[in-house]
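[1] What follows is a predicted structure for the sequence shown.
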Amino acid sequence: MDDLLYEELLQEIFTRLPSTPSSSLSVSLVSKRWLRLYRSSRTSLSLRVPPHNSIIPSLSSFLCHYPSLSSLSILLSSFDSATSTGCSLSDHLLFAVSSSCPNLRLLRFLAGPVSFSYLRSLSTTCIHLTSLTVSLPRRPLVFSWIASFSCLKELSVHVCPRDGVEDDCGGNKESGLCSSEGFEAELGLESLYLSGIRAGDWGVGWLWKNCKRLKKLQLKSCESIGDGESLASFVKCLEGIEEVELRTCRSIVDGVLLKLAENCCSLTSLLVYDGGSREGLLHFISNCRCKLTKLDLRLPLDLKNNHLLAVALNFRGLSILRLQSCCLVTGEGLKTLGIALSSGLRELALINCDVVEREPGLLATLGQHFRQLKKLDLSYNEMLLDKEFVSMLASCNFLIELKLRGCKKLTGLAMSSMCKSCQKLESVDVVHCCGIEAEAVELFVLNSPQLQLLQVEESKISNAARALVLNRSIQVVV
């Protein structure tokens, strides 16, 4: 049989197999020919390598078996080791990647900080790269190497913590530019993610000055975005921005939101996690000229009812609303939102929001307002009871995705209600729902004709349910 199958046919079959360790192992054990063809057909690969120099030659020879790779992820099994030894190991690993995988379009390289000279070398070998994730040293922080990547659209930069060595970049601290970055280069970046920017990282000014096409900006654990002329360049970047994410950026979030409200009319999506002031957020919501369609907030002590009332007044076009760990909001604020957004909201998340458990009847009221919901996430509401959940589902007949992870009080009654009220369900997550037993899962699978993805513990999948899953090609994630 093996001799009758053409290599091209086998490769086409291999490309359609699920990317799971079991599939890879099953194919590779058939024969050396199958192993060779399977490797040559792979376009995506994720590797975790040990922090030893001895891995470099073997990595190069290993990657040579995958000539069709277009997406590669390299992580170090011990990132701290790489940081403590500087750029040497990670530089050589990056060189091994660039010399073995010239066709890469996506590279996620988190094996420690890399030198700028090796990044420029990467740009000459992997000329098709459109997405790059790297870690950089903070001595000094330089971004001019980005200009050598002509096709780059998405960039993620993780700045490593200070390692005790501080070099003077000869920079102009007022403009936020280093002397080596005095030239202009209009970058093609559309998506930018920065993590770990600190006050004094003056090189970031060059980045703002040359990013004129940004559509998506993500900042995480950042203390500064620059001063002087670099601040003016940053404001210029915001004019055409469509998506902004601010995670744990308490010292700058108010300033960024203020500039967005003043200078941006194109913003459609905003995420703010763990930071900011109540006044700054309220000012943004009340004065923003954008037509937001997605709002995602995780502000345990900063979000109150007055913010929700402002959202109800100014963001009536919202189609996605996600609230996590919002301890200070009440049912009154959520009901006001329900009235204002009833016609347009398609996705709602109330994750670990104790108001769901604190106010009986709230979910039933929200269900009546949000009858057009497609996606609902009530994860980690540990005290949520069947009665409250079922009363909401009675009105939400168009759900295609439902997440209940960590809702420990829900039982088989909740699963039964899902079958009756939500016949369109395609994706369900009931991991860590202690009250839901294997029998309830089996009945749910049997009576959910549109189900495509089920996330549940393996111990709750009975033999009968397993047979149903295989027969209907339902993906199960355990």
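    The structure has been received and is ready for your questions.
[2] Only C-alpha atoms from now on, for both contacts and neighbour counts.
    OK.
[3] need the longest strand for this structure.
    The single longest strand within the chain, with elements called by DSSP state E, is strand 106-113.
[4] which strands and helices sit next to that one?
    Contacts defined by 3 or more C-alpha pairs under 8 Å, 6 or more residues apart in numbering; DSSP states H and E place strand 106-113 against strand 71-76, helix 79-84, helix 88-100, strand 131-136.
[5] got JSON lines for those, with distance to residue 220 too?
    Formatted as JSON lines, the helices and strands packed on strand 106-113 follow (distance: least, C-alpha to C-alpha, whole Å):
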{"stretch": "strand 71-76", "distance to residue 220": "20"}
{"stretch": "helix 79-84", "distance to residue 220": "19"}
{"stretch": "helix 88-100", "distance to residue 220": "23"}
{"stretch": "strand 131-136", "distance to residue 220": "14"}
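[6] looking at those, which has the lowest confidence?
    Mean pLDDT is lowest for helix 79-84 out of those, coming in at a mean of 49.
[7] rewinding a little: so which of the helices and strands packed on strand 106-113 gets nearest residue 367?
    Closest to residue 367 of the helices and strands packed on strand 106-113, according to C-alpha to C-alpha: strand 131-136, at 40.3 Å.
[8] about what we covered before: sort out which residues of the longest strand of the chain are buried, please.
    Within strand 106-113, the residues that count as buried by 16 or more other C-alpha atoms under 10 Å are 106-113.
[9] Over stretch 185-205, what's the mean pLDDT, rounded is fine.
    Rounded mean pLDDT across stretch 185-205 is 89.
[10] how far does that stretch sit from the chain's center?
    A distance of 19 Å separates the centroid of the chain from that of stretch 185-205, by C-alpha atoms, centre = their mean, to the nearest Å.
[11] again, but for stretch 220-234
    Taking C-alpha atoms, centre = their mean, one finds stretch 220-234 lying 23 Å from the centre of the chain it belongs to.
[12] tally of neighbours for residue 396?
    Here the number of neighbours of residue 396 (other C-alpha atoms under 10 Å) works out to 25.
[13] now could you export just the CA positions of stretch 457-465 as PDB?
    Taking C-alpha atoms only, stretch 457-465 is exported to PDB below (Å, rounded to 0.1, in the frame of the first residue of the first chain):
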ATOM      1  CA  GLU A 457     -12.200  16.800  31.400                       C
ATOM      2  CA  GLU A 458     -11.300  13.500  29.800                       C
ATOM      3  CA  SER A 459     -12.700  11.600  32.800                       C
ATOM      4  CA  LYS A 460     -16.200  13.000  31.900                       C
ATOM      5  CA  ILE A 461     -16.200  11.600  28.400                       C
ATOM      6  CA  SER A 462     -17.900   8.200  28.500                       C
ATOM      7  CA  ASN A 463     -17.300   5.500  25.900                       C
ATOM      8  CA  ALA A 464     -20.700   6.300  24.300                       C
ATOM      9  CA  ALA A 465     -19.900  10.000  24.200                       C
END
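[14] buried ones in it?
    For stretch 457-465, by 16+ other C-alpha under 10 Å, it's 457, 460-461, 465.
[15] just checking, which of these belong to strands?
    Per DSSP E, the buried residues of stretch 457-465 never map to strands.
[16] Break down the stretch 101-250 of the chain into its strands, ranges please.
    106-113, 131-136, 154-159, 191-195, 216-220, 243-247 (DSSP state E, counting those that start in this stretch).
[17] out of the ones you listed, deepest packed?
    strand 106-113 (a mean of 24; mean count of other C-alpha atoms under 10 Å).
[18] what does that strand contact?
    70-76, 79, 82-83, 86-87, 89-91, 93-94, 129-137, 159-160 (C-alpha atoms under 8 Å, 6 or more residues apart in numbering).
[19] for that strand, the distance to its chain's centre please.
    16 Å.
[20] and what of stretch 399-416?
    The answer for stretch 399-416 is 24 Å, by C-alpha atoms, centre = their mean.
[21] May I have the distance across that stretch, first residue to last?
    End-to-end distance of stretch 399-416: 15 Å, with C-alpha to C-alpha, to the nearest Å as the criterion.
[22] and what of stretch 237-257?
    13 Å.
[23] List of residues touching that stretch?
    208-209, 211-225, 259-260, 263-277, 280-281, 284.
[24] Can you give me the buried ones in it?
    Buried residues in stretch 237-257 (16+ other C-alpha under 10 Å): 237-250, 252-254, 256-257.
[25] just for the stretch 101-250 of the chain, where's the confidence low?
    162-182, 227-229 (pLDDT under 70).
[26] what do you get if the cut-off is 50, keeping everything else the same?
    163-171, 174-175, 179 (pLDDT under 50).
[27] Could you dump the buried residues of strand 106-113 into a markdown table with distance to residue 295 added?
    Below are the buried residues of strand 106-113 laid out as a markdown table (distance: C-alpha to C-alpha, whole Å):
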| residue | distance to residue 295 |
| --- | --- |
| 106 | 28 |
| 107 | 29 |
| 108 | 28 |
| 109 | 30 |
| 110 | 30 |
| 111 | 33 |
| 112 | 33 |
| 113 | 33 |
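[28] returning to what we had before: for PyMOL, what selects the buried ones among the contacts of strand 106-113?
    Only the buried entries of those go into this PyMOL selection, using 16+ other C-alpha under 10 Å:
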select buried, resi 70+71+72+73+74+75+76+82+83+86+87+89+90+91+93+94+129+130+131+132+133+134+135+136+137+159+160
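[29] picking up where we left off before, mind saving the C-alpha coords of the longest strand of the chain as CSV?
    Taking C-alpha atoms only, strand 106-113 is exported to CSV below (Å, rounded to 0.1, in the frame of the first residue of the first chain):
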residue,chain,number,x,y,z
LEU,A,106,6.0,34.2,10.9
LEU,A,107,8.7,33.8,13.6
ARG,A,108,8.1,33.8,17.3
PHE,A,109,11.6,33.8,18.9
LEU,A,110,11.5,33.9,22.7
ALA,A,111,14.8,32.2,23.5
GLY,A,112,16.3,35.2,25.2
PRO,A,113,17.5,38.7,24.1
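[30] Sheet-wise, list the partners of it with their directions.
    With DSSP bridges as the test, strand 106-113 is paired with strand 71-76 (parallel), strand 131-136 (parallel).
[31] Let me have the ones you listed in TSV, adding distance to residue 433 as columns.
    Formatted as TSV, the strands paired with strand 106-113 follow (distance: least, C-alpha to C-alpha, whole Å):
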stretch	distance to residue 433
strand 71-76	32
strand 131-136	35
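[32] Kindly state which of the ones you listed is positioned closest to residue 452.
    strand 71-76 (25.9 Å).
[33] Show me what the closest one is in contact with.
    43-51, 82, 104-112.
[34] could you give the angle of that strand to helix 88-100?
    160 degrees (axes from the mean of the first three to the mean of the last three C-alpha atoms, to 10 degrees).
[35] How far away from the center of its chain is strand 71-76?
    Using C-alpha atoms, centre = their mean, the offset of strand 71-76 from its chain centre is 16 Å.
[36] Is it possible to mark the buried ones in the contacts of stretch 237-257?
    208-209, 211-225, 259-260, 263-277, 280-281, 284.
[37] Mind jotting down where the strands sit in the stretch 351-478 of the chain?
    Using DSSP E, counting those that start in this stretch, the strands assigned to the stretch 351-478 of the chain run over residues 375-377, 401-403, 427-429, 453-455, 475-477.
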